[in-house]
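> Give me the fold of what follows.
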Amino acid sequence: MENRVDRRSGFKKETVNKVLQLHFKDDKTRVNGDALLLMTEMLKVFVREAAARGARQAQMEDLTKVDVEHVEKILPQLLLDF
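This next block holds a predicted model:
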């Protein structure tokens with residue numbers, strides 16, 4: 001498997017694969033190419049949505065900079081939506 005950044009998502013496929021492997025109970029479990037592409041795309045959507053919601057939260061507080069606290073505030077609903 002190549003360890004390069006997917007131009008469409010910005011995530012290394014190998015990194016996404018390693019994150020998935022951390023949660024498998026059986027070390028022999030493997031992820032096929034299509035599943036890896038799907039998970040990479042889902043991760044991209046999740047991160048973009050978190051950034052957008054964090055920015056909206058900062059705007060609601062009349063701030064121009066998004067801090068960790070803004071993302072923490074939107075995280076419960078974001079996780080429910082995904």
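> Now find how far off-centre whichever helix or strand V47 is part of is within its chain.
V47 belongs to helix 33-60 when elements are defined using DSSP states H and E. In terms of Cα atoms, centre = their mean, to the nearest Å, the centre of helix 33-60 is found 5 Å from the chain centre.
> Dump the worst-scoring helix or strand of the chain on mean pLDDT to PDB, restricted to CA.
In the chain, the helix or strand scored least confidently by mean pLDDT, DSSP states H and E is helix 13-22, which has a mean of 93. Only the C-alpha atoms of helix 13-22 are listed here, as PDB (Å, rounded to 0.1, in the frame of the first residue of the first chain):
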ATOM      1  CA  LYS A  13      -4.300   6.100   3.200                       C
ATOM      2  CA  GLU A  14      -1.700   4.300   5.400                       C
ATOM      3  CA  THR A  15      -2.600   6.600   8.300                       C
ATOM      4  CA  VAL A  16      -6.300   5.900   7.900                       C
ATOM      5  CA  ASN A  17      -5.600   2.200   7.700                       C
ATOM      6  CA  LYS A  18      -3.500   2.300  10.900                       C
ATOM      7  CA  VAL A  19      -6.300   4.200  12.700                       C
ATOM      8  CA  LEU A  20      -8.800   1.500  11.600                       C
ATOM      9  CA  GLN A  21      -6.400  -1.300  12.700                       C
ATOM     10  CA  LEU A  22      -6.300   0.100  16.200                       C
END
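> Against which helices or strands is that helix packed?
helix 33-60 (3 or more Cβ pairs under 8 Å, 6 or more residues apart in numbering; DSSP states H and E). The C-beta positions use only the backbone N, C-alpha and C, and glycine is treated the same way.
> Compute the inter-axis angle for the helix it packs on and helix 13-22.
Put simply, helix 33-60 runs at 90 degrees to helix 13-22, going by axes from the mean of the first three to the mean of the last three Cα atoms, to 10 degrees.
> Can you mark which positions in helix 33-60 are buried?
Residues of helix 33-60 classed as buried: L36, L37, M39, T40, L43, K44, A50, R53, G54, A55, Q57, A58 (neighbour count, 16 or more other Cβ atoms under 10 Å).
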